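Novice: Sequence first, predicted model second:
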Amino acid sequence: MQNTKAQYPGWELKYFDRAYNFRNYQFSLIKKYIKKNVAEIGPGSGVVLKKYIKQCKNIDLYEPDIKLFRNLKKNFKNKKIVLKNKTFKTYKKYDTIIILDVLEHISNDKNQIQKLIHSLNKGGSLIINVPAFNLLYSKFDRDIGHFRRYNKINVKNKIKGLKFLEYKMFYYDSLGFVLSLMSKIFYSKKYKNQFENKIKLWDMFIPISKIIDFFIFNSFGKSLCIIIKK
């Protein structure tokens with residue numbers, strides 16, 4: 001993984017990790033693709049790891065941030081987990097590679113996607129989650145080191161020409177899209193002080209967002225999930 005503009009501060013992680021409705025919804029969308037030998041890139045505090053640890057054979061965690069790495073080492077003492085305090089390397093093959101809300105922090109994201117696909121076993125899955133729609137790009141994105149947000153068209157352009165079998169993409173969290181747009185329009189310089197309450201409110205709406213997503217066929221949302229099969 002390449003370096004971002006600056007050392008990732010990660011101040012917002014603890015709030016997103018408490019968004020239990022969102023994390024459960026997110027995991028329900030990717031659960032069936034996670035199997036056998038797994039690598040997770042940038043696992044953070046391990047909130048998603050807790051959900052899939054029982055269904056995998058072996059797990060390699062690549063966490064270059066030293067503080068997050070130490071927390072993972074302290075909280076996850078399991079023989080099937082190997083912790084690596086470094087960026088992802090391509091010398092090893094995996095059945096599943098998970099990179100959730102990390103790609104937007106990487107300057108040359110197309111090169112990173114290519115490396116990840118190369119590191120998949122035949123029949124393996126690359127699971128990517130990214131923030132959706134550049135319309136929503138805000139000061140918050142800049143503050144936490146996002147280079148961009150994504151849509152289906154620019155993802156297709158990035159994976160065009162890469163060697164894989166098939167892929168699927170879908171947006172989700174439609175109400176999150178609306179709330180993020182409102183937050184951008186009515187921006188406050190004190191947004192960090194309000195952030196915890198905003199996350200709590202957003203997470204309360206996730207069950208409704210899930211229903212709306214179903215009826216609008218995941219046509220838009222706050223997040224974009226990409227599944228690439230090799």
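Specialist: Looks like it came in fine.
Novice: Could you pick out the longest helix of this structure?
Specialist: Longest helix in the chain by number of residues (criterion: DSSP state H): helix 191-204.
Novice: Can you list the helices and strands that it packs against?
Specialist: helix 13-17, helix 20-30, helix 174-185 (3 or more CB pairs under 8 Å, 6 or more residues apart in numbering; DSSP states H and E). The way it works is simple: take the backbone N, C-alpha and C, and place the C-beta from them, glycine included.
Novice: would you turn those into a markdown table with mean neighbour count?
Specialist: As requested, those are exported to a markdown table (neighbours: other CB atoms under 10 Å):
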| stretch | mean neighbour count |
| --- | --- |
| helix 13-17 | 16 |
| helix 20-30 | 17 |
| helix 174-185 | 18 |
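Novice: For the ones you listed, give me JSON lines that also has mean pLDDT and distance to Glu40.
Specialist: Formatted as JSON lines, the helices and strands packed on helix 191-204 follow (pLDDT from 0 to 100; distance: least, CB to CB, whole Å):
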{"stretch": "helix 13-17", "mean pLDDT": "83", "distance to Glu40": "15"}
{"stretch": "helix 20-30", "mean pLDDT": "97", "distance to Glu40": "11"}
{"stretch": "helix 174-185", "mean pLDDT": "95", "distance to Glu40": "23"}
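Novice: is it possible to export the ones you listed to JSON lines including distance to Arg148?
Specialist: Listed next are these as JSON lines, based on distance: least, CB to CB, whole Å:
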{"stretch": "helix 13-17", "distance to Arg148": "19"}
{"stretch": "helix 20-30", "distance to Arg148": "20"}
{"stretch": "helix 174-185", "distance to Arg148": "15"}
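Novice: Centre of the chain to the longest helix of the chain, how far?
Specialist: 19 Å (CA atoms, centre = their mean, to the nearest Å).
Novice: Tell me which helix or strand comes right after it.
Specialist: helix 206-215 (DSSP states H and E).
Novice: now the angle from the longest helix of the chain to helix 206-215?
Specialist: Interaxial angle of helix 191-204 relative to helix 206-215 (axes from the mean of the first three to the mean of the last three CA atoms, to 10 degrees): 60 degrees.
Novice: ok and helix 191-204 relative to helix 20-30, angle-wise?
Specialist: 60 degrees.
Novice: circling back to that earlier point, and of the helices and strands packed on helix 191-204, who's closest to Tyr167?
Specialist: Between Tyr167 and these, the shortest separation by CB to CB is 13.7 Å, and it involves helix 20-30.
Novice: partners of whatever helix or strand comes next after that closest one, with directions?
Specialist: Proceeding N to C from helix 20-30, the next assigned helix or strand is strand 36-41, under DSSP H and E. Strand pairing for strand 36-41, using DSSP bridges, gives strand 56-62 (parallel), strand 94-100 (parallel).
Novice: Quick one: distance of the last one to the chain centre.
Specialist: Read it as strand 94-100. Worked out by CA atoms, centre = their mean, strand 94-100 lies 11 Å from the chain centre.
Novice: Quick check: next helix or strand after that strand?
Specialist: Beyond strand 94-100 toward the C-terminal end (DSSP H and E), the next one is helix 109-118.
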